[in-house]
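Q: Got a sequence here, can you model it:
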Amino acid sequence: MNVSLEYNFRSAVVPTASGQTLAFAPNLAREPVAFDAPLRQPVRFREAISALHDVVISDLRFKKKDKSGYIAWKKNQQELAARARHQNVSAVYERLKQAQNQPLPDALAEQFDASRKKYWNARNAYDRHLRQADPELWRKLVPYDPVITVAPDVCLFECFSGDESSYGCLSVDREAAFGRSDEIQFGTTNVDYSWDLYHHFQTLRSYRETRFRLDPHGFESTTAGGGGEHREEKIDLPTSWLRGFMQLQVAMGLPATRITLGREAVYALLAWHKRHRAATSPRALRFELIPGFAPRLVLEPWEQKIETYGPVYDGPPVAPIRVWGVRRLLMMARLLPLVDRFTVHLLGNGLPHFWVAEMGDMRLTLGFSGWTANDWTRASALEMLQSSGVATQHLVGMTAEYLRQSRSATLAEIERGVDRAGPPLRAALSKLANAGQVIYDLHAGVYRWRQIMPKPLGEAEVGPEPDEMRGLREVLASGRTKIDSRTEIPGVGVLLQGHDVEVLVDFDGRVKRGKCLCGWFRRYGLKNGPCRHMMALRYLDPQRLGGAIGAPPLR
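A: Numbering: from 1, shown residues only. Alright, predicted model coming up:
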C-alpha cells in the first residue's frame with residue numbers, strides 16, 4: 001500500500017524561554033490533530049516513550065550470514081598479527097619501561113574529548129548520509145512512522161516493529177499527566193520519527209518545564225537541524241506489515257486468561273533472560289495457573305521456577321500455557337522503577353499474548369506474537385477464532401458512526417447505541433478493527449475510534465483471507481460435514497462433534513478448543529486458527545446466534 005507522509009518540520013525537543021517544548025511534527029496529509037499542554041512529570045514520560053522506541057526498532061528475525069569472506073579475512077589478520085608481534089614485541093616492552101616513570105600528558109583530557117567529538121560527528125554524518133543515500137535501508141528501521149491519537153480522555157502512542165512480531169501502545173491520561181490545553185483537536189495522525197528524536201527524549205528533565213505540542217501547521221515549531229523544512233515522502237508498506245497490524249486488533253478483542261504479576265516477578269524473569277541464553281529448544285515461558293494460588297512462571301528449558309507473591313489466580317482451572325519469544329520482554333526493563341503491576345492477557349499456547357505495564361497515569365501495552373519468528377500475518381489467522389456472527393454493511397456503518405461520535409465506548413454502551421447485541425455486533429466491531437478504524441483498549445475495556453490509515457483498509461491492502469476460510473466455503477458447499485452430537489456445558493459453551501472432528505464453542509460463538517484428524521490441525525493445532533472442519537461444525541450448529549445458517553462470515 002502506498003502511503004503519503006508530509007511534514008513541515010522534524011520532531012524535536014526545542015528550547016524555549018521558560019523551558020523546552022517536545023514538538024511533534026504531524027502528518028499534514030491526514031486530518032488535522034492538535035494538542036498543546038505542559039507535561040506534569042517529564043522524566044516518567046521520557047522513560048515510557050523510550051521503552052516504546054525499543055518496540056519501534058525491534059527486529060529479531062534470524063539473519064543468515066555469509067562467513068566465507070570473514071574467515072578469509074580472519075586468517076589473514078592472524079598472520080599479520082603474528083608477524084607484527086614477532087617484529088615489535090621487544091621494541092614495545094622497551095618503550096613501556098621508559099614510560100613508566102613519566103607523568104601523563106597535561107592535554108590528555110582535551111585530546112580524549114576532541115577524539116570523542118570527532119567520533120560522534122562522523123557517526124551522525126553517516127546517519128544523515130544513509131538517510132539520504134539509501135532511504136529504503138533507512139526505512140527498514142521504521143516501516144511506518146508512529147501514530148498518535150488524541151482522545152477526550154487519553155493520548156495514545158502506537159507503533160509496530162519492523163519484524164512484525166511486536167506491538168506497543170503507550171496510553172497517557174490527559175487530565176493526570178498533562179496540564180491545561182487551550183488548543184485541542186481530536187483525531188489520529190502520524191508523527192515524524194527518527195533516531196535524533198529518541199536522543200532528544202533523553203534530554204527531558206524534571207527541573208525545567210516541558211510542553212507537549214502537536215501542531216498541524218507547525219508555524220511556531222523549529223528544529224536544530226532543519227527549521228521550517230517541508231518534506232514529502234511516499235512509502236510502500238508491505239502487505240504483511242499491514243495485515244499484521246490488523247491481526248493485532250483481532251487478538252486484543254478475543255477472550256483471554258488474565259493474570260496480575262508484581263514488579264519483582266517480572267524483574268526476576270528479565271534478569272534470568274539477561275544472564276542466560278539457552279542452547280537448545282524449546283525456549284518458552286510456562287504459566288502454571290491454579291485457582292486460589294498465585295501464578296507460577298517456569299522458564300524452559302532450564303525449568304527455572306519464578307514464584308510470584310501478588311494477587312491469586314481466580315479464574316477457571318486451565319492447563320499450563322506456553323508462550324515463546326520471551327526475550328522481547330527486555331523492552332520493559334527500563335520501565336521497572338515506574339511500574340505498579342503488570343497485567344498479562346494470554347490467549348493460549350503459542351498464541352499472541354499482551355503485557356500491560358500499569359504506571360499510574362500511564363500504561364504501556366506490549367503485544368507479542370506467539371514466538372519471535374511467528375509474525376501476525378503468516379502464522380496467526382486469528383479472525384478464524386472469532387464469533388461466528390455475520391455483520392451486515394448497515395450494522396457496520398451504524399457501529400462506525402456511533403464510535404466516530406462517541407470516540408470510545410464499552411460493548412454494553414455500543415449495544416444500546418446501535419440497538420444490536422451478540423455475535424453480529426462483535427462481527428461488526430471485528431470488521432472495523434480489520435479495516436484499521438477501531439482499537440480495543442485492554443486496560444480500560446473500551447473500543448476506541450482510531451483510524452490507523454487515512455482510509456479504511458480492505459483486501460487489496462491487507463491481502464486475501466486465510467486459506468482455511470476459503471476451504472470452509474468448499475466444505476460447506478460439498479455438504480459432507482454434519483453434526484453428530486451437540487452437548488451444552490453449563491458456564492463454558494457447546495461441544496459439537498462430527499466425524500473425526502470436535503470443537504468447543506463458547507456462547508458467543510468463539511472457538512475455545514477442539515481436535516481434528518486433518519493435516520492442518522496435526523501441524524498447527526489452534527495456534528494458526530481452527531481448521532475448516534471445526535469452523536464448518538460451528539457454522540452448521542442450528543442453534544447458533546446471528547447470521548444465516550451455514551454461511552461463512554463476511555469479511
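
Q: Now do the same for residue 49: helix, strand or coil?
A: Assigned with DSSP: H, G, I helix; E, B strand; the rest coil, residue 49 falls in the helix class.

Q: Same question for residue 314.
A: Residue 314 ends up coil, using three-state DSSP.

Q: Please tell me I have it right and it contacts residue 291.
A: Yes: if you go by CB atoms under 8 Å, residue 314 and residue 291 touch, sitting 6.4 Å apart. Glycine gets a C-beta too; all of them are placed from N, C-alpha and C.

Q: Which parts of the stretch 51-200 of the chain are helices?
A: 68-99, 108-133, 135-141, 174-177, 195-201 (DSSP state H, counting those that start in this stretch).

Q: Residue 101: neighbour count?
A: 6 (other CB atoms under 10 Å).

Q: per-residue pLDDT, it?
A: For residue 101, the model assigns a pLDDT of 73.

Q: For it, give its distance to residue 107.
A: From residue 101 across to residue 107, the span is 20 Å (CB to CB, to the nearest Å).

Q: Sketch out the low-pLDDT regions of the stretch 51-200 of the chain for me.
A: Counting by pLDDT under 70, the stretch 51-200 of the chain contains low-confidence ranges at 59-64, 120, 123-124, 127-128, 130-131, 134-144, 195.

Q: residues in contact with residue 489?
A: 495, 504 (CB atoms under 8 Å, 6 or more residues apart in numbering).

Q: what bridges to it?
A: Beta-bridge pairing of residue 489 under DSSP bridges involves residue 493.

Q: if I look at it, how far off is residue 534?
A: Separation of residue 489 from residue 534 (CB to CB) stands at 16 Å.

Q: Could you do residue 20 as well?
A: In this view, residue 20 and residue 534 are 57 Å apart by CB to CB.

Q: Please say which of those two ends up with more neighbours.
A: Using other CB under 10 Å, the more surrounded residue of residue 20 and residue 534 is residue 534, with 29 against 20.

Q: Can you list phi and psi of residue 448 for me?
A: phi -120, psi 140 (degrees, to the nearest 10).

Q: For it, which non-adjacent residue is closest in space?
A: The shortest distance from residue 448 to any non-neighbouring residue, by CB to CB, 6 or more residues apart in numbering, is to residue 408 (4.6 Å).

Q: Isn't that neighbour up against residue 171?
A: No: at 11.3 Å, residue 408 does not count as touching residue 171 under the criterion of CB under 8 Å.

Q: Mind listing the shared neighbours of these two?
A: With contacts defined as CB under 8 Å, 6+ apart, the residues shared by residue 408 and residue 171 are 441, 444.

Q: Settle it for me: which of these two has more neighbours?
A: Per other CB under 10 Å, whichever of residue 408 and residue 171 has more neighbours is residue 171, with 26 against 19.

Q: how close does the more buried one get to residue 36?
A: Between residue 171 and residue 36 the computed distance is 19 Å (CB to CB).

Q: for residue 390, same thing?
A: Distance from residue 390 to residue 36, counting by CB to CB: 45 Å.

Q: Ok, residue 74 next?
A: Between residue 74 and residue 36 the computed distance is 56 Å (CB to CB).

Q: which of these two has more neighbours?
A: The residue with more neighbours, out of residue 74 and residue 36, is residue 36; 19 against 11, by other CB under 10 Å.

Q: Can you verify that one is assigned to a strand?
A: Yes: per three-state DSSP, residue 36 lies within a strand segment.

Q: which residues does it contact?
A: Shown in contact with residue 36 (CB under 8 Å, 6+ apart): 181, 182, 183, 184, 211, 212, 213, 214, 215.

Q: And for residue 97?
A: Residue 97 neighbours (CB under 8 Å, 6+ apart): none.

Q: Would you mind measuring from the residue most central in space within the chain to residue 243?
A: Nearest to the geometric centre of the chain sits residue 167, at 0.4 Å (CA atoms, centre = their mean). As for residue 167, its distance to residue 243 is 13 Å (criterion: CB to CB).

Q: Please report how far residue 332 lies from residue 273.
A: From residue 332 across to residue 273, the span is 11 Å (CB to CB).

Q: can you pull out the strands in the stretch 301-450 of the chain?
A: Using DSSP state E, counting those that start in this stretch, the strands of the stretch 301-450 of the chain run over 304-307, 321-324, 341-346, 353-358, 362-368, 408-409, 438-441, 446-449.

Q: contacting residues around the first one?
A: Contacts with strand 304-307, where a contact means CB under 8 Å, 6+ apart, come from 265, 268, 269, 272, 294, 296, 297, 298, 299.

Q: Also the longest one?
A: Where contact means CB under 8 Å, 6+ apart, the residues beyond strand 362-368 that reach it are 44-45, 48, 51-52, 55, 165-173, 177, 248, 251-252, 323, 325, 328-329, 331-332, 335, 338, 352-357, 442-443.

Q: what does stretch 42-55 give?
A: Contacts of stretch 42-55 (CB under 8 Å, 6+ apart): 39, 146, 157, 159-161, 166-168, 170, 172, 177, 198, 201-202, 204-206, 210, 212, 330-332, 334-335, 337-338, 359, 362, 364, 366.

Q: Of those, which qualify as buried by neighbour count?
A: Neighbour-count burial (16 or more other CB atoms under 10 Å) applied to those gives 39, 146, 157, 159-161, 166-168, 170, 172, 177, 198, 201, 204, 210, 212, 331-332, 335, 338, 359, 362, 364, 366.
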